[in-house]
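S.K.: Everything below, folded, please.
(one chain, ligands or ions: 2)
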Amino acid sequence: MLRLTFFVLLVYIIVPGLAVTHEDFKTCTQSGFCKRNRDLADKAFATGKSWTSPYTLTPDALKFDSGVLTGVVRKDVVSGEDVELPIVMSFYESGAARVVIDEEKRMAGLIELRHDSKANKKRYDEAWKWATDGELELSESAIFRQDHPGPGYSLMNYGPNDRFSAILHHSPFEVEFQIDGKTHIHLNSRGLLNLEHWRPKGSGEALGEDESTWWEETFAKFTDSKPRGPESVAVDVEFPGYNHVFGIPEHADQISLRETRGGPGNHEEPYRLYNSDVFEYELNSPMSLYGAIPYMQAHRFGSTVGVFWLNAAETWIDIVKEHDSNDKQTSTHWISESGRIDLFIFLGDTPKDIGQAYGKVTGYPQLPPQFAIGYHQCRWNYMSDEDVKTVDATFDKYQIPYDAIWLDIEYTDERKYFTWHPLRFPSPKDMQEQLMESERKLVVLIDPHIKKESGYFVSDELRSKGLAVLNKDNEIYDGSCWPGLSNWIDAFNPATAAWWNTLHKYDRYKGSLSNLFIENDMGEPSVFHGPELTMPRDNIHHGNWEHRDVHNLNGLTIINATFQALLDREANTRPFLLTRSFYSGSQRMTAMWTGDNQAKWEHLAISLPMILTNGIAGFPFAGADVGGFFDDPDVHLLTRWYQAGIWYPFFRAHSHLDTKRREPYLIQEPYRTYIIRALRLRYQLLPAWYTAFHEASINGMPIVRPQYYIFPKDEEGFAIDDQLWLGGTGILAKPVVEDTDSTEVYLAGEEKYYDYFDFTIYSPGKTHSIEAPMEKIPMFIKGGHIIPRRDRPRRSSALMRSDPFTLIVTLTKDGTAEGSLYFDDGESYDYEEGAYIHRQLLFHDRVLSSVDIGARGRQTDKFLKKIENITVERIVLIDPPPELKNTQTVKILEEGSGSEYDAPLAYYEVDEGKADYVVVKKPNMRIGSTWQIKF
Ligand SMILES: *[C@@H]1O[C@H](CO)[C@@H](O)[C@H](O)[C@H]1NC(C)=O
Ligand SMILES: *[C@@H]1O[C@H](CO)[C@@H](O)[C@H](O)[C@H]1NC(C)=O
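M.R.: Ligands and ions are numbered 1, 2, ... in the order given. Below is the predicted model of the structure:
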């Protein structure tokens with residue numbers, strides 16, 4: 001036994017990929033405010049039932065008007081001082097509720113700053129401006145009742161059909177959020193609410209408190225001056241009855257979040273959200289990565305709820321669960337360094353309801369230009385414009401589709417953004433023009449650190465206009481990054497955004513054409529040799545906010561400025577941007593990727609839960625570097641990575657400067673063929689992908705969905721995160737992420753499943769072992785779906801513009817099927833004026849039909865005219881009713897054509913174990929019209 005333990009330990013130590021430099025990043029214990037709040041939790045736990053939270057709600061001060069309840073929470077402190085915490089609870093028409101708690105003294109500016117700091121004295125109250133998508137409509141029908149259900153309580157009734165209520169406990173202050181009278185979310189039930197009120201230095205010690213982490217705090221040789229002293233906020237959020245919680249990206253971990261207070265399989269540390277450039281990050285870890293979305297979903301049989309902690313400062317989240325079947329629950333503890341308590345509560349029934357409610361607050365994902373969902377070929381670096389042109393031509397030679405080629409930092413002149421390297425990229429326009437011939441795009445890196453060099457126009461303007469981030473002494477902050485000594489744009493400043501906008505105009509960004517798009521990297525911000533590889537927390541942004549207050553929003557503000565710049569550069573063209581750093585709301589403008597991963601099987605495997613989690617958290621346009629950024633993958637790993645990468649909403653291959661070239665055409669056979677087949681499969685399914693992106697843009701549904709979204713009542717599937725569903729298509733993919741030739745897939749529900757390629761039939765309700773040799777991409781279609789495809793291989797997605805469609809149909813036990821298709825020009829905003837088609841496809845009583853579910857607009861007719869010759873060229877019906885064996889034709893009735901016409905049908909009988917199928921050849925209905933086909 002001892003030996004075994006030793007062996008297990010040893011394996012742990014030598015697992016590859018643990019190269020992260022832990023000493024660069026804080027643990028909770030090394031972070032004063034995290035430790036203080038965790039200690040409080042320990043004390044509450046140790047004290048047990050007699051622990052009382054020192055916060056009370058003053059009932060007489062409560063006022064309710066048009067969906068908003070205002071009042072005061074009082075904190076009982078040893079000094080006897082009166083600590084008043086104004087509370088605002090808002091109830092929205094959408095069914096969401098919001099609780100904001102601030103501190104009277106800081107709001108009024110009645111605190112003293114230390115070290116002659118000019119920092120804003122208030123708690124940061126502008127996160128909503130960046131993260132949310134405008135004001136929400138307040139509820140007209142919410143009802144408030146004081147001293148109800150009895151003395152000591154107040155009650156709010158709100159939400160759809162008045163199903164929701166909030167019960168406020170006055171003393172100690174707690175809130176229970178209920179659906180139909182049952183509590184689903186309970187705030188401060190463990191009494192961990194904490195808002196560190198302002199005190200002068202020494203006042204705590206005078207009362208016997210330990211002030212050692214209240215003031216200057218030093219970590220790894222960096223001292224944070226903390227001019228406002230301790231100011232953390234924290235609260236516990238309990239989900240009674242729930243055992244699974246999801247979300248809070250970005251972490252390299254499974255989708256069903258683990259407990260964080262130790263024990264087998266659990267983490268020792270809370271999940272951390274502090275956007276960081278973590279070099280060679282660790283897997284199955286609660287450590288921070290590049291982005292932060294403080295939104296969590298709790299799910300159980302038949303019910304889903306969620307919370308959104310709107311705070312942009314460093315945040316830690318502890319999770320503990322009670323597994324006892326009678327007393328299941330998950331308790332979470334949210335801890336932030338500064339800012340206000342600002343918590344949104346979403347009640348509902350399904351993951352879809354909660355995602356939609358969260359999207360109403362922070363916005364739904366952008367509908368990207370279509371090229372953005374094709375394949376992206378990236379590398380650090382294509383070394384010259386000739387290199388780019390050769391790669392482009394070689395893709396064509398091997399007939400490999402791709403949509404965009406990328407330039408990492410080396411295309412610039414000495415890493416000065418908005419310039420080109422004079423020797424390597426002498427003719428950027430020629431390069432972009434060659435790409436235009438096949439309607440491909442160029443994506444270049446532009447980072448927010450600006451080389452400090454007089455004579456470089458961007459640097460001169462940044463500094464002379466006062467648009468850079470300042471240090472604690474109100475001087476321009478100097479740090480180091482790719483270009484060496486650099487300054488950082490302060491995109492929190494509207495004047496910075498306005499100036500940044502001008503830099504993207506064609507007359508200023510010389511050599512750029514309309515097919516150039518942008519990646520904003522390093523937005524965490526990444527600062528070489530800075531504290532935790534970012535900037536000091538006491539740096540100053542626009543509005544005199546300290547960097548600590550806004551850190552996690554930094555990358556979003558840069559994207560916001562660049563997005564607007566691209567919109568203004570080229571009217572009526574959807575921008576495409578990529579970011580590494582993100583926050584809630586970034587989904588409205590950009591795609592993200594999971595940063596600097598490694599060419600290792602474990603990194604391939606973790607990419608699936610990471611991308612699924614991003615989708616759960618409302619930011620589904622996500623991908624991981626195909627092939628792994630660091631190191632060279634072998635052909636097996638590379639092949640499997642492409643076969644998995646085609647399931648990433650954002651699908652890009654990328655690699656480090658020190659790696660070998662690995663463009664698909666360089667790969668030895670037969671692997672090259674396998675990779676090309678995977679790429680073509682992605683392109684074949686682009687109509688289905690684009691439809692899924694459209695759905696995300698109107699209701700926030702993930703583009704690739706975890707098992708529990710499809711089967712919210714199947715507990716077996718709640719934690720499954722290595723298989724994924726493509727939108728609402730009924731396509732289930734089970735990427736192979738180990739070097740093996742078989743895998744297992746869990747096929748839930750009651751409908752049959754079919755192998756996508758050969759229609760092998762799988763019975764539902766169990767886990768199947770399946771053969772998966774290297775050439776095989778395990779994927780299935782569940783019975784009951786209609787999938788739109790385009791089967792003709794082309795060089796880029798744009799060149800498929802006029803291609804006909806193929807429809808694949810599988811039936812339920814009852815002989816029905818449904819699907820949908822959204823289609824527009826893939827680049828402009830004309831869809832906002834009706835230039836699109838949105839069709840519902842149905843199969844019922846042996847009739848396949850296409851029904852219009854779009855809304856008409858000014859440009860609808862023009863668009864329909866433009867696509868009048870795009871047709872359905874083939875229909876494949878898998879596992880058809882046996883009667884069709886004797887049928888040679890189908891009858892088609894198309895709107896506008898006046899009369900019925902026939903198309904030939906062929907019935908194919910196949911071997912045992914596989915499904916028969918029928919093919920309707922050239923039915924030729926227009927894709928944009930209403931039609932019916934009688935089988
Ligand atoms: C984001 O950019 C847009 C366009 O420039 C601007 O209108 C908006 O105010 C920006 N967001 C914030 C929070 O400033
Ligand atoms: C559709 O095809 C017809 C017949 O070939 C042609 O006259 C018409 O211009 C085409 N429409 C479009 C938009 O290409």
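S.K.: can we go C-alpha only for contacts and neighbour counts from here?
M.R.: OK.
S.K.: how near is the residue of the chain found nearest ligand 1 to M779?
M.R.: Using Cα to the nearest ligand atom, W130 is the residue of the chain that sits closest to ligand 1, at 3.9 Å. As judged by Cα to Cα, to the nearest Å, W130 and M779 stand 39 Å apart.
S.K.: quick one: contacts for the residue most central in space within the chain?
M.R.: Centroid-nearest residue in the chain: F619, 2.6 Å away (criterion: Cα atoms, centre = their mean). Neighbour list for F619: 365, 584, 586-587, 702 [criterion: Cα atoms under 8 Å, 6 or more residues apart in numbering].
S.K.: what do you get if the cut-off is 6 Å, keeping everything else the same?
M.R.: Q587 (Cα atoms under 6 Å, 6 or more residues apart in numbering).
S.K.: Surely it forms part of a strand?
M.R.: No: F619 sits outside any strand when classified using DSSP: H, G, I helix; E, B strand; the rest coil, being coil.
S.K.: State the phi and psi torsions of it.
M.R.: phi -130, psi 70 (degrees, to the nearest 10).
S.K.: now it: how far from Y295?
M.R.: 11 Å.
S.K.: Please enumerate the shared neighbours of these two.
M.R.: Between them, F619 and Y295 share no contacting residue, judged by Cα under 6 Å, 6+ apart.
S.K.: Could you give the number of residues near G150?
M.R.: 9 (other Cα atoms under 10 Å).
S.K.: Could I get the pLDDT score of it?
M.R.: On the pLDDT scale, G150 is placed at 93.
S.K.: so which strand or helix has it?
M.R.: Assigned by DSSP states H and E, G150 belongs to no helix or strand.
S.K.: Please report how far it lies from ligand 2.
M.R.: Using Cα to the nearest ligand atom, to the nearest Å, G150 is found at 70 Å from ligand 2.
S.K.: ok, now Y829?
M.R.: Distance from Y829 to ligand 2, by Cα to the nearest ligand atom: 20 Å.
S.K.: Please identify the residues of this structure in proximity to ligand 2?
M.R.: 865-869 (Cα under 6 Å from any ligand atom).
S.K.: and with 5 Å instead?
M.R.: Neighbours of ligand 2 within the chain, by Cα under 5 Å from any ligand atom: 866, 869.
S.K.: who in the chain is up against ligand 1?
M.R.: Residues of the chain lying near ligand 1 (Cα under 5 Å from any ligand atom): 129-130, 560, 564.
S.K.: repeat that with 8 Å
M.R.: Contact residues, the chain versus ligand 1 (Cα under 8 Å from any ligand atom): 129-131, 492-494, 497-498, 557, 560-561, 563-565.
S.K.: Narrow the residues you listed to those that are buried.
M.R.: With neighbours counted by 16 or more other Cα atoms under 10 Å, the residues of the chain next to ligand 1 contain buried members at 130-131, 492-493, 497, 557, 560-561, 563-565.
S.K.: Now the closest residue to ligand 2 within the stretch 301-450 of the chain: closest residue in space, sequence neighbours ignored.
M.R.: Closest contact between the stretch 301-450 of the chain and ligand 2, by Cα to the nearest ligand atom, is at E439 (19.0 Å). Closest residue to E439 apart from its sequence neighbours, by Cα to Cα, 6 or more residues apart in numbering: A798 at 6.2 Å.
S.K.: Next, give phi and psi for that neighbour.
M.R.: Dihedral angles (degrees, to the nearest 10) for A798: phi -60, psi -30.
S.K.: And for R839?
M.R.: The phi/psi pair for R839 (degrees, to the nearest 10) is phi -110, psi 140.
S.K.: Can you tell me the SS state at E873?
M.R.: Relying on three-state DSSP, one would call E873 strand.
S.K.: List the contacts of the residue in the stretch 651-800 of the chain positioned nearest to ligand 2.
M.R.: Per Cα to the nearest ligand atom, M800 is where the stretch 651-800 of the chain lies closest to ligand 2, at 14.2 Å. Neighbour list for M800: empty [criterion: Cα under 6 Å, 6+ apart].
S.K.: again, but for the one 10 residues further on
M.R.: T810 is in contact with 783-785, 878, counting by Cα under 6 Å, 6+ apart.
S.K.: export those to CSV and tack on secondary structure, distance to L136 and pLDDT?
M.R.: Below are these laid out as CSV (DSSP: H, G, I helix; E, B strand; the rest coil; distance: Cα to Cα, whole Å; pLDDT from 0 to 100):
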residue, secondary structure, distance to L136, pLDDT
G783, coil, 40, 98
G784, coil, 37, 98
H785, strand, 36, 98
I878, strand, 46, 98
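S.K.: could the residues you listed go into a markdown table alongside neighbour count?
M.R.: Conversion of the contacts of T810 to a markdown table gives the following (neighbours: other Cα atoms under 10 Å):
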| residue | neighbour count |
| --- | --- |
| G783 | 26 |
| G784 | 23 |
| H785 | 25 |
| I878 | 21 |
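S.K.: Tell me the one of those residues nearest E832?
M.R.: Closest approach between the contacts of T810 and E832, by Cα to Cα: H785, at 27.9 Å.
S.K.: That closest one contacts E818, correct?
M.R.: Yes: checked against Cα atoms under 6 Å, the pair H785 and E818 is within contact range at 4.9 Å.
S.K.: which two from the buried ones among the residues of the chain next to ligand 1 end up farthest apart in space?
M.R.: A131 and A565 (19.0 Å).
S.K.: pLDDT of the host helix or strand of S90, averaged?
M.R.: Using DSSP H and E, S90 falls within strand 82-91. The average pLDDT for strand 82-91 rounds to 97.
S.K.: Give me the distance between the next helix or strand after it and the centre of its chain.
M.R.: As assigned by DSSP H and E, the chain's next helix or strand after strand 82-91 is strand 97-101. Chain-centre distance of strand 97-101: 24 Å, with Cα atoms, centre = their mean, to the nearest Å.
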